[in-house]
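J.: Predicted model and sequence follow; I will ask about them next.
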Amino acid sequence: MSLSQSLHGLQGLQGKRVFVTGHTGFKGSWLLLLLKGLGCHVTGYALEPPTSPSLFAAARLREFLEIDHEADIRDAQRLAAAVRQAEPDLVIHLAAQALVGVSHRRPLDTFSTNVVGTAALLDAVRHCGTPCGVIVATSDKCYEPHADGQPHAESDPLGGHDPYSASKGAAELVSAAYRRSFFPPDRLDKHGVQLATVRAGNVIGGGDWAEDRIITDIVRHLAAGEPVPLRNPAAIRPWQHVLEPLAGYLTLAARMLEKPAAQWCTGWNFGPTDDADITVQQLTELFIAAWGAGSWKDLHDPRAPIETPLLRLAVNKATAGLAWRPQFTAREAIARTAVWYRGFAADPHSARALCASDIGLHAAASAAPGRHAMGTNA
């Protein structure tokens, strides 16, 4: 069973023209696999893969593309030409500078990519003149942090205490400004553009080799037989498998294309639905258990840049409004990720098959009667 067969209404995306930015990245590569399964005609627009190895190269995903533009999202003229050429039914914007650590070292690059790049994409859609659904991915870090650790709802104030978080909050503001000014939901019959933002973060899964990512660090040190260094072991994050938010994005996209309506044109959270608090330390210990051997050490530095110690998302809106919910428990997501990297280490040519295995398991979970993965203890 394919993922498209197991999710309500996703068949409405079959055969559609989809323009994806950031398709060479981690989430973008998994998205290409899902879109391929739906028979979509995909145009990609991104820089070359940001890491070596990369899932995009290892899984040979370039062959899934109708057109592959290797270009900067801030190149407004080239981006606009690419969007016009694609005449998309759906635009999914993933291109971003996505690393908190890098944002401290290169704040101007982070703001220009995440804020100006988002504006350039939306302006390209504005000038294209083609009715379409537009999904802009920002981050769970786009919110002003809660002091009490309560889950963030979509209506919470935007903010951020570091350049990355602030850039994502600003990308939300840019999207809202374009929606109000050029794509007002109450005038869909005039312009035909449905613009939504999606907020998720701390996704895990096979094929992520980005710097400063916890899974990347874990895999590198375990493979070398070294203790895994943790710089913030007490940080709590809404860990989820990469297939969860991507399934949410596509479910939202299917609703847009099947029944255009103002209700889709807003912000949406995608995260775990239970109340499990999974710290970086717990994630590492669960990964080590699935890997089969290893240890970790505490390298917390009180002088390091401040990160939000507790971060949760409320997903009631997505579960009620889209009939979406996660399928893997935190333990399952961590175990699947460990199995993926073990498999890739044994056979670097198996990346696509390993992804297909996870997609199949995710589909089977969603099809199981009465299944509510996140209802178990994670």
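T.: Yep, that arrived.
J.: contacts, neighbours, all on C-alpha from now
T.: OK.
J.: For residue 55, list the residues it contacts.
T.: 24, 25, 26, 29, 207, 208, 351 (Cα atoms under 8 Å, 6 or more residues apart in numbering).
J.: tell me what the helix or strand encompassing residue 35 is packed against?
T.: Following DSSP states H and E, the helix or strand that holds residue 35 is helix 26-37. Counting contacts by 3 or more Cα pairs under 8 Å, 6 or more residues apart in numbering; DSSP states H and E, helix 26-37 is packed against helix 3-6, helix 55-58, helix 243-258.
J.: and it, how far out from the chain's middle?
T.: 11 Å (Cα atoms, centre = their mean, to the nearest Å).
J.: what angle do the helix or strand following it and helix 26-37 make?
T.: Using DSSP H and E, the helix or strand that follows helix 26-37 in sequence is strand 41-46. Note on geometry: by axes from the mean of the first three to the mean of the last three Cα atoms, to 10 degrees, strand 41-46 and helix 26-37 are set 170 degrees apart in direction.
J.: Let me see the mean pLDDT of strand 41-46.
T.: Average pLDDT, strand 41-46: 98.
J.: Can you spell out which helices and strands pack onto that strand?
T.: Going by 3+ Cα pairs under 8 Å, 6+ apart, strand 41-46 lies up against strand 17-21, strand 65-70, helix 76-86.
J.: out of the ones you listed, deepest packed?
T.: Across the helices and strands packed on strand 41-46, the average number of neighbours (mean count of other Cα atoms under 10 Å) peaks for strand 17-21, which reaches a mean of 24.
J.: Mind jotting down where the helices sit in the stretch 51-200 of the chain?
T.: 55-58, 76-86, 100-105, 107-111, 117-128, 163-181, 188-191 (DSSP state H, counting those that start in this stretch).
J.: Which parts of stretch 222-233 count as buried, going by neighbours?
T.: Buried residues in stretch 222-233, counting neighbours by 16 or more other Cα atoms under 10 Å, are found at 222, 228, 229, 230, 231, 232, 233.
J.: So what touches that stretch?
T.: 217-218, 221, 279-281, 288, 293-301.
J.: Residue 17 contacts residue 88, correct?
T.: Yes. With contact defined as Cα atoms under 8 Å, residue 17 and residue 88 form a contacting pair (4.9 Å).
J.: circling back: can I get the helices of the stretch 51-200 of the chain in JSON lines with mean pLDDT and distance to residue 337?
T.: Converted to JSON lines, these look like this (pLDDT from 0 to 100; distance: least, Cα to Cα, whole Å):
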{"stretch": "helix 55-58", "mean pLDDT": "98", "distance to residue 337": "13"}
{"stretch": "helix 76-86", "mean pLDDT": "98", "distance to residue 337": "34"}
{"stretch": "helix 100-105", "mean pLDDT": "90", "distance to residue 337": "22"}
{"stretch": "helix 107-111", "mean pLDDT": "96", "distance to residue 337": "28"}
{"stretch": "helix 117-128", "mean pLDDT": "97", "distance to residue 337": "30"}
{"stretch": "helix 163-181", "mean pLDDT": "97", "distance to residue 337": "25"}
{"stretch": "helix 188-191", "mean pLDDT": "96", "distance to residue 337": "41"}
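J.: Turn those helices into TSV, including distance to residue 312.
T.: Shown next, in TSV, are the helices of the stretch 51-200 of the chain (distance: least, Cα to Cα, whole Å):
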stretch	distance to residue 312
helix 55-58	28
helix 76-86	34
helix 100-105	17
helix 107-111	24
helix 117-128	25
helix 163-181	15
helix 188-191	33
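J.: nearest to residue 39, of these?
T.: helix 76-86 (15.8 Å; Cα to Cα).
J.: gap between that closest one and the chain center?
T.: Counting by Cα atoms, centre = their mean, helix 76-86 comes out at 23 Å from the chain centroid.
J.: so what does it touch, helix or strand wise?
T.: strand 17-21, strand 41-46, helix 117-128.
J.: Could you save these as TSV and add columns showing distance to residue 174?
T.: Shown next, in TSV, are the helices and strands packed on helix 76-86 (distance: least, Cα to Cα, whole Å):
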stretch	distance to residue 174
strand 17-21	17
strand 41-46	20
helix 117-128	6
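J.: looking at these, which is closest to residue 322?
T.: strand 17-21 (20.4 Å).
J.: can you list the residues that contact that closest one?
T.: 28, 40-46, 73, 83, 86-95.
J.: repeat for stretch 144-158
T.: For stretch 144-158, contacts defined as Cα under 8 Å, 6+ apart pick out 142-143, 159-161, 169, 172, 267-269, 308, 310-315.
J.: now, which of those residues lie within strands?
T.: 267, 268, 269 (DSSP state E).
J.: Skipping its backbone neighbours, what lies nearest the second one in space?
T.: Okay, so that is residue 268. Closest residue to residue 268 apart from its sequence neighbours, by Cα to Cα, 6 or more residues apart in numbering: residue 198 at 4.8 Å.
J.: Report the residue spans of this protein with pLDDT below the cut-off.
T.: 1-9, 274-277, 302-310, 368-378 (pLDDT under 70).
J.: Can you flag which of the buried residues of stretch 222-233 belong to strands?
T.: 228, 229, 230.
J.: tell me which residues of stretch 280-291 are tucked away?
T.: Here stretch 280-291 shows 280, 281, 283, 284, 285, 286, 287, 288, 290, 291 as buried, counting by 16+ other Cα under 10 Å.
J.: ok, and what's touching that stretch?
T.: 214, 218, 222, 230, 232-237, 294-296, 331, 334-335, 338-339, 342.
J.: Is there a neighbour count for residue 217? I'd like the number.
T.: Residue 217 has 18 neighbours, counted by other Cα atoms under 10 Å.
J.: now do the one 4 residues further on
T.: Counted with other Cα under 10 Å, residues neighbouring residue 221 total 17.
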